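J.: Give the three-dimensional model of this entry:
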Amino acid sequence: MDKKDKKNNEDILSDAIKAVDEINEKIKDNNEKDIDIDEVIELAKKTTKKFKEQNKEHHSKKKSKTEEFKNKYLSVLAEMENFRKRLDQEKRDLIKYRSSSFIQNILPTIDMFELAVSSENVSDEIKNWLEGFKMILRNFKSTLEAEGIKEIIVKPNDEFNSKFHHAIEEVETSEFESGKIIQVKQKGYLIHDRLLRPATVVVAKQKNKENLKGENNE
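T.: Numbering: from 1, shown residues only. Now for the predicted structure:
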């Protein structure tokens, strides 16, 4: 391969690498929306065609140099493919979790409805109102389920799990083992497989020896 052909190969590879660098910069700056995936694919096709044409006549000469350029070129293509996959995944996630922010904003309203419908010792008139609230709450929950929202089921004596639970208080007690949940203060929710809001809980901790000794003496 003469100097002219070598220069052409370097120019082709340089253009491809420059394009990938520009894409990477946009990714770092969170400007993926400015990237046209069709243009990226077209660049890969054009680069492939140019590179093959340039090296066709010199296939049998200086094999090591050709392999070097080939490896660099394949590296550029791998960068483009990884970017395409990342962009596709981000689009899928955007659709899958599109309602996260909105749902987080209405969860306090749902909390209030659940508190209201759990009221006891109320008049018949209030009971009628509560039946209406229960119906509204059921409709709310049906809508949430359609968006992939699931309640995190937590019961007293469940093991505390920091992945799904948020402890607001630890209470010394002999009724529960240390690390067990005593009470659920606020329900938690998932959106598909992602945490939307942790369940707020009170957790048991072991009594210190002095308190335990005092109880035994009593």
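J.: Test my guess that residue 169 contacts residue 203.
T.: Yes - contact between residue 169 and residue 203 holds when scored by Cβ atoms under 8 Å: they sit 7.3 Å apart. (C-beta placed from N, C-alpha, C; glycine too.)
J.: Can you pick out the residue with more neighbours from the two?
T.: residue 203 (20 against 12; other Cβ atoms under 10 Å).
J.: for the one helix or strand residue 195 maps to, packing partners?
T.: Assigned by DSSP states H and E, residue 195 falls within strand 194-197. Contacting strand 194-197 under the criterion 3 or more Cβ pairs under 8 Å, 6 or more residues apart in numbering; DSSP states H and E are the following elements: helix 100-117, strand 188-191.
J.: Just the strands from the chain, written as ranges.
T.: Applying DSSP state E to the chain gives strands spanning 149-152, 165-172, 181-186, 188-191, 194-197, 199-205.
J.: so which of those strands comes closest to residue 76?
T.: Relative to residue 76, the nearest member of the strands of the chain by Cβ to Cβ is strand 194-197, separated by 33.6 Å.
J.: show me the contacts for residue 107.
T.: Under the criterion of Cβ atoms under 8 Å, 6 or more residues apart in numbering, the neighbours of residue 107 are 189, 196-197.
J.: which of those residues tops the neighbour count?
T.: The most crowded member of the contacts of residue 107, judged by other Cβ under 10 Å, is residue 196 (21 neighbours).
J.: can I assume that residue is in contact with residue 101?
T.: No - contact between residue 196 and residue 101 fails when scored by Cβ under 8 Å: they sit 10.0 Å apart.
J.: circling back to that earlier point, please save the CA atoms from the strand holding residue 195 in CSV.
T.: Once side chains and other backbone atoms are set aside, the C-alpha atoms of strand 194-197 remain, and they are given as CSV (Å, rounded to 0.1, in the frame of the first residue of the first chain):
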residue,chain,number,x,y,z
ARG,A,194,-38.4,0.0,40.0
LEU,A,195,-39.0,1.5,43.4
LEU,A,196,-41.4,4.4,43.3
ARG,A,197,-41.7,5.0,47.0
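J.: mind listing what it pairs with, with the direction of each?
T.: Here the strand partners of strand 194-197, with direction, are listed using DSSP bridges: strand 188-191 (antiparallel).
J.: what's the partner strand in contact with?
T.: Residues from elsewhere that reach strand 188-191 (Cβ under 8 Å, 6+ apart): 97, 99-100, 103, 107, 144, 147-152, 154, 164-166, 195-200.
J.: With stretch 178-186 instead?
T.: Residues from elsewhere that reach stretch 178-186, judged by Cβ under 8 Å, 6+ apart: 111, 154-160, 165, 168, 171, 173, 176, 199-206.
J.: hey, which helix or strand in this structure has the poorest pLDDT?
T.: Least confident helix or strand, the chain: helix 209-217 with a mean of 54, by mean pLDDT, DSSP states H and E.
J.: Return the residues in contact with residue 154.
T.: Applying Cβ under 8 Å, 6+ apart, one finds that residue 154 lies in contact with 164-165, 181, 184, 187-188, 199, 201.
J.: Is it possible to get CSV of those that adds pLDDT, neighbour count and distance to residue 88?
T.: Formatted as CSV, those follow (pLDDT from 0 to 100; neighbours: other Cβ atoms under 10 Å; distance: Cβ to Cβ, whole Å):
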residue, pLDDT, neighbour count, distance to residue 88
164, 96, 18, 29
165, 96, 20, 34
181, 96, 21, 40
184, 94, 18, 39
187, 94, 17, 34
188, 95, 21, 30
199, 96, 22, 33
201, 96, 24, 38
